[in-house]
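**Q** Turn this into a model:
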Amino acid sequence: MAWLWRRDIDDEKRTPGFIYAIKSAFSRKNVDIEKAGHELRLFGIGPGQTVLDFGSGPGHYALAAARVVGDGGFVHALDLHPKAMELVERKASEMNLPNIETIYSDLHTGLDDESVDAVILFDVMRGRSDIKSLLGELHRILKPGGSVHVRDTGLKAGRLEELMVKDGLFRLKGILGGVLKYTKVEGEFHEI
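**A** You can find the predicted model right below:
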């Protein structure tokens, strides 16, 4: 099924809705969300934080983050596909998670400057032509000391690291289980 997930996209580079339905039907929802929550805690995401899951897809990490940050925190789940956002909203309602909202977008978050503690960026960067704009947006919304947690199975680690640090917006902080953690480099935001 992985070949279908990557290859079968529409004109706006969105995965067809039926793929989301299939993934949702076959996912081990509670197991996947528990595992994602464990990962997020290892990354340093915790109670009271504001998190953006950029490219959230069906929302395993966004939903896990909503549990991890608790009532004092908040999660923004962003994706280009309306079916993905519907799934996140439905699952959040079923799981009684009022601290999560969806954002339908491919790039612009609509969030305030320096309003997010952590960004989850899993399998988003491969094939994007607007990586500079993406990283600029993430830099803008991250609080000082904020972090971006990146994993992209479609890119070699060296290429991913090069993309993340080449414009001086982020610095590698560490690697944990194939996830690279970057922190925001302080300074004024500049258009790149």
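
**Q** longest single strand anywhere in this structure?
**A** strand 142-151 (DSSP state E).

**Q** That strand - contacts with which helices or strands?
**A** Counting contacts by 3 or more C-beta pairs under 8 Å, 6 or more residues apart in numbering; DSSP states H and E, strand 142-151 packs against strand 116-122, helix 157-165, strand 179-184. Glycine gets a C-beta too; all of them are placed from N, C-alpha and C.

**Q** State the paired neighbours of it in the sheet, together with their directions.
**A** Sheet pairing here is set by DSSP bridges, and for strand 142-151 it gives strand 116-122 (parallel), strand 179-184 (antiparallel).

**Q** tell me the mean pLDDT for the shortest one?
**A** Model confidence over strand 179-184 averages 94 on the pLDDT scale.

**Q** Any idea which of the helices and strands packed on strand 142-151 has the lowest pLDDT on average?
**A** Lowest mean pLDDT of the helices and strands packed on strand 142-151: helix 157-165, a mean of 83.

**Q** what sits against residue 105?
**A** Contacts for residue 105 (C-beta atoms under 8 Å, 6 or more residues apart in numbering) come out as 78-80.

**Q** hmm, try it at 7 Å
**A** 78, 80 (C-beta atoms under 7 Å, 6 or more residues apart in numbering).

**Q** where along the chain do the strands fall?
**A** For the chain, the strands defined by DSSP E occupy 50-54, 74-79, 100-104, 116-122, 142-151, 170-176, 179-184.

**Q** Which among the helices and strands packed on strand 142-151 is found nearest to residue 97?
**A** With C-beta to C-beta as the measure, strand 116-122 is the member of the helices and strands packed on strand 142-151 nearest residue 97 (15.7 Å).

**Q** can you give me the offset of the lengthiest helix in the chain from its chain's centre?
**A** Determined from DSSP state H, the single longest helix within the chain is helix 29-43. Centre-to-centre, helix 29-43 and its host chain are 14 Å apart (C-alpha atoms, centre = their mean, to the nearest Å).

**Q** now what about it, what contacts it?
**A** Contacts for helix 29-43 (C-beta under 7 Å, 6+ apart): 60-61, 63-65, 67-68, 149, 176, 179, 181.

**Q** Could you identify which of those residues has the most neighbours?
**A** Tallying neighbours with other C-beta atoms under 10 Å puts residue 65 at the head of the contacts of helix 29-43, with 31 neighbours.

**Q** Least confident secondary structure element in this structure?
**A** helix 2-7 (a mean of 41; mean pLDDT, DSSP states H and E).

**Q** any low-confidence regions in the protein?
**A** Applying pLDDT under 70 to the chain flags the ranges 1-31, 157, 187-192.

**Q** switch to 50 and redo it
**A** Within the chain, the stretches with pLDDT under 50 are 1-12, 14, 20, 22, 26-29, 189-192.

**Q** for the longest strand of the chain, which positions count as buried?
**A** Buried residues in strand 142-151, counted by 16 or more other C-beta atoms under 10 Å: 142, 146-151.

**Q** just these now: which is nearest residue 164?
**A** Among those, residue 150 lies closest to residue 164 (C-beta to C-beta), at 6.5 Å.
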